[in-house]
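Asks: sequence unavailable; structure follows:
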């Protein structure tokens, strides 16, 4: 499949599957090939016609078979071939690729994918530069990744009952700071201590001001 002869604008991937099916069992009808290759009937006819143009397959009655050296990419002149041959006999897969203009396509595709992977790795490296470095420790013979604490995370020793934060400078709980349920540090201000009725009244007042300005 990686050969340029079976590229999209060459023989196509369906032709390779047809060759594989005939290699497994020679002398198959089109209906049988549709079943053994799992290729649609239209694609089977189209692929057989391309392969026959290169002398890679031959048919006797309603059955098709590979040419003696088809697996090597060498075709033969069929005794019952039509006069209007659209392609020259295959003289190896490289020649077939040259005739279809697909030579070097796999190498270009490989180079393109490698360039894309390189660009992707560089983008990941650039993102990693903006992340905090993690610490790797060895525990029971296994490496354990310990991420650097975030700026809004505090040590567990600073936690006090009730969700307050212990001020390490004074040794007392800070009334303005609380610990959220996810362990993050949050700041509690007097404005956050309003009751539901006070919040509802403030919302109604703000809405009235908005409608008056409109």
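Replies: Looks like it arrived, so ask away. The structure presented is a predicted model; accordingly, all values stated were derived computationally and were not measured. Numbering: from 1, shown residues only.
Asks: now the strands for this protein?
Replies: For the chain, applying DSSP state E gives strands covering 57-60, 63-66, 135-139, 142-146, 164-166, 173-179, 185-187.
Asks: so for the first one, what gets flagged as buried?
Replies: In other words, strand 57-60. By 16 or more other Cβ atoms under 10 Å, the buried positions in strand 57-60 come out as 57-59. (Glycine included, C-beta is placed from N, CA and C.)
Asks: residue 56: neighbour count?
Replies: 27 (other Cβ atoms under 10 Å).
Asks: remind me, longest helix of the chain?
Replies: helix 105-129 (DSSP state H).
Asks: just to revisit the earlier point, name the nearest of the buried residues of strand 57-60 relative to residue 207.
Replies: residue 57 (79.2 Å; Cβ to Cβ).
Asks: separation between the residue nearest to the closest one when sequence neighbours are not counted and residue 40?
Replies: Once flanking residues are discounted, residue 57 sits nearest to residue 51: 4.3 Å by Cβ to Cβ, 6 or more residues apart in numbering. Separation of residue 51 from residue 40 (Cβ to Cβ, to the nearest Å): 16 Å.
Asks: neighbour count winner among these two?
Replies: The neighbour count for residue 51 versus residue 40, taken as other Cβ under 10 Å, is higher for residue 51 (26 against 11).
Asks: my read: the more buried one touches residue 17, true?
Replies: No. Counting by Cβ atoms under 8 Å, residue 51 stays clear of residue 17, with 11.4 Å between them.
Asks: give me the residue ranges of this protein where confidence is low.
Replies: For the chain, applying pLDDT under 70 flags the ranges 1, 78-87, 127-137, 145-155, 168, 181-193, 196, 214.
Asks: how about the residue of it positioned farthest from its centre, phi and psi?
Replies: In the chain, counting by Cα atoms, centre = their mean, residue 170 sits farthest out from the average C-alpha position, at 54.5 Å. When quoted as degrees, to the nearest 10, the phi and psi of residue 170 stand at phi -100, psi -20.
Asks: no further questions, thank you.
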